[in-house]
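*Asks:* return a 3D structure for these sequence lines:
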Amino acid sequence: MSTYAVMQSRIADDIVRDDLGSQIQNAINDAIELQEGERFAFNERRYTILTVDGTEYYDLSGATLLTSSGAAVETGEALLEVDDVVATINNQPLRLCPRTQQWFNENQSSTYEGQPADYTIYGQQLRIFPIPDGVYTLTLMGLARLGPNPLSNDSDTNGWMTDGASIIRAQAKILLYRDILRDADGVALAANQLDEAIAACKRKMAAQAFTGVQKAWSL
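*Replies:* As a prediction, the model looks like this:
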């Protein structure tokens, strides 16, 4: 599968119903919302934020959040979980130290500005210490809400419509069988399909994330 329209057609064929167009559309977007907190290879992203002199907090969504190439992100796209933040200082990478909001409240000063050294995530925003004294390029890596979100046009697509299509197809059918069709057997069959789809995607991710080599250690 590759687009929102293709996903709708496939689900309608699976449940053998051609009269649930709006319900299928809602189920697809609801399925994405339920699954987007799970990490797979296709929903990990690198983004860029350009700091502003005197600005402490930055949204983890557009228009503040940019793609790794500096372009605007898709509608509704956001960074849900941050793995790392790296600043570019004099063309050299500097990894920012993760802190807590409490640490920031104790140490941040509105009268001191400088190059970014520490960060925290609070209220779906990135907070920087010290407050930037100019424009710095920050590279953020982590788990993303893929845009466009929600899907609305037939041609809309993202990783959930391609690499994660089997997951969304199964999750959407669970919602349809449970909430619309009241079909317990259908729910059970779709749940089995979902387990298989998640296992397959996790296995593909593991092939890229792990080397199979164990690091030596001692007590």
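
*Asks:* please, which helix or strand holds the closest residue to residue 177 other than its chain neighbours?
*Replies:* Leaving aside its chain neighbours, residue 177 sits nearest to residue 186 (3.4 Å; criterion: Cβ to Cβ, 6 or more residues apart in numbering). C-betas here are computed from N, CA, C, even on glycine. Element membership for residue 186 (DSSP states H and E) is helix 184-209.

*Asks:* quick one: buried residues of that helix?
*Replies:* Neighbour-count burial for helix 184-209, with 16 or more other Cβ atoms under 10 Å as criterion, is recorded at 186-187, 189-191, 193-194, 197-198, 201, 205.

*Asks:* how does the chain divide into domains?
*Replies:* Segmentation of the chain into domains, based on automatic domain parsing, reads 4-36+150-204, 43-145.

*Asks:* give the contact list for the residue nearest to the spatial centre of the chain.
*Replies:* In the chain, the centroid-proximal residue (Cα atoms, centre = their mean) is residue 144; its distance is 1.6 Å. For residue 144, the contacting residues are 43-45, 47, 77-80, by Cβ atoms under 8 Å, 6 or more residues apart in numbering.

*Asks:* check whether it sits in a helix, strand or coil.
*Replies:* Per DSSP: H, G, I helix; E, B strand; the rest coil, the secondary structure class of residue 144 is strand.

*Asks:* and it, how far is that from residue 33?
*Replies:* From residue 144 across to residue 33, the span is 14 Å (Cβ to Cβ, to the nearest Å).

*Asks:* how about the lengthiest strand in the chain: buried residues?
*Replies:* Ranked by number of residues, the top strand in the chain under DSSP state E is strand 78-89. Going by neighbour count (16+ other Cβ under 10 Å), the buried part of strand 78-89 is 78-80, 82, 85-87.

*Asks:* which strands or helices does that strand pack on?
*Replies:* strand 92-95, strand 118-122, strand 137-145 (3 or more Cβ pairs under 8 Å, 6 or more residues apart in numbering; DSSP states H and E).

*Asks:* out of those, which comes closest to residue 64?
*Replies:* strand 137-145 (10.4 Å; Cβ to Cβ).
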